[in-house]
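> My questions concern the predicted model and sequence given below.
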Amino acid sequence: MPSLESVILTFYELSFVLNGSMTYYVNNKKITLKKGDVLFLTPNLIRRRQKIQNCEYVSYNYYVDDINTDSFNLPLQISNGISTEILMILRAGDEIHFHNPSDHELLEPILKCLLQCILNNCKMEHISDIVKNIKEYVFTHINEQITLEEISSSLFFSTVYCSSIFKKEMGISIIDYCLNEKIKLAKKLIIENVELKSIAEQLGFSTYNYFSRTFKKREGITPMQYKQNFFTPYNQKKTKVTAKR
């Protein structure tokens, strides 16, 4: 893409970098975005962009009349802001736009979902050090069969104390949090087309059936159904829905 000259924005710009990097100047401040970053520009900012080479990105431009963004209050730059959920929403938007390039109204719910998802990911967590350490333990041992006893032992606190303070601050139990994080990573691996049984093994599930039951309990569908839904082209899904009606 060619470079963009300096201009005072009259619209919102929401950009996602999928691969490579790109450079903006916002109010004369240089901002370099890399893979996984998100840029959120608001009206009245002075924006300039360098020529884009070897970069894959998605950008949504919209006006305040389209969507009221005042309540979102997002930061200008969000490092590593593209989560698995956002990637799924972006793919849905691509499919819709490909088959309906002139119908922008169809993209409005996609944009709203993207904004809400980013907002949820950006919420600051006011949590204690022990809860941060528990979350860090889960992150570093996500490929293992994590137990409450192992977590509490590594932090030198009792299991009762760890469970109590985590539930109080996070609203869920430690084990539920562990399983949620495993399923979140499983969804990412499914999108990357990793073999399902291999995913179960990588995430420390004792059997594939246990993994499948856990996945369905949290997502409402099995890992296989999730995979089929993701890799089924939009036009085929639309045909199936029409035929069902």
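Yes, it's here.

> element containing Arg47?
strand 46-49 (DSSP states H and E).

> And that strand, what's buried?
Residues of strand 46-49 classed as buried: 47-49 (neighbour count, 16 or more other C-beta atoms under 10 Å). Glycine gets a C-beta too; all of them are placed from N, C-alpha and C.

> Please apply the same query to stretch 45-61.
For stretch 45-61, by 16+ other C-beta under 10 Å, it's 47-49, 52, 55, 57-58, 60.

> Okay, buried residues for stretch 214-225 please.
Neighbour count says stretch 214-225 has 214-216, 218, 223 buried, by 16+ other C-beta under 10 Å.

> Can you pull the domain assignment for this structure?
Domain segmentation of the chain under automatic domain parsing yields 4-122, 129-230.

> Can you name the next helix or strand after the longest helix anywhere in the chain?
If you go by DSSP state H, the chain has its longest helix at helix 174-191. Per DSSP H and E, the first helix or strand lying C-terminal to helix 174-191 is helix 196-202.

> List the contacts of that following helix.
The contact list for helix 196-202 (C-beta atoms under 8 Å, 6 or more residues apart in numbering) reads 143, 186, 189-190, 194, 207-208, 210-212, 223-224, 227.

> just so I have it, where are all the strands in the chain?
Taking DSSP state E, the strands of the chain run over residues 4-8, 12-19, 21-26, 29-34, 38-41, 46-49, 56-62, 77-78.

> so who does the residue minimising distance to the centre of the chain touch?
When C-alpha atoms, centre = their mean is applied to the chain, the residue found nearest the centroid is Ser83 (2.0 Å). Ser83 makes contact with 117, 121 under the criterion C-beta under 8 Å, 6+ apart.

> ok, now how distant is it from Lys132?
19 Å (C-beta to C-beta, to the nearest Å).

> what comes up buried for stretch 132-142?
134-135, 137-138, 141-142.

> quick check, nearest of the residues you listed to Thr42?
Set against Thr42, the nearest of the buried residues of stretch 132-142 by C-beta to C-beta is Lys135 (31.6 Å).
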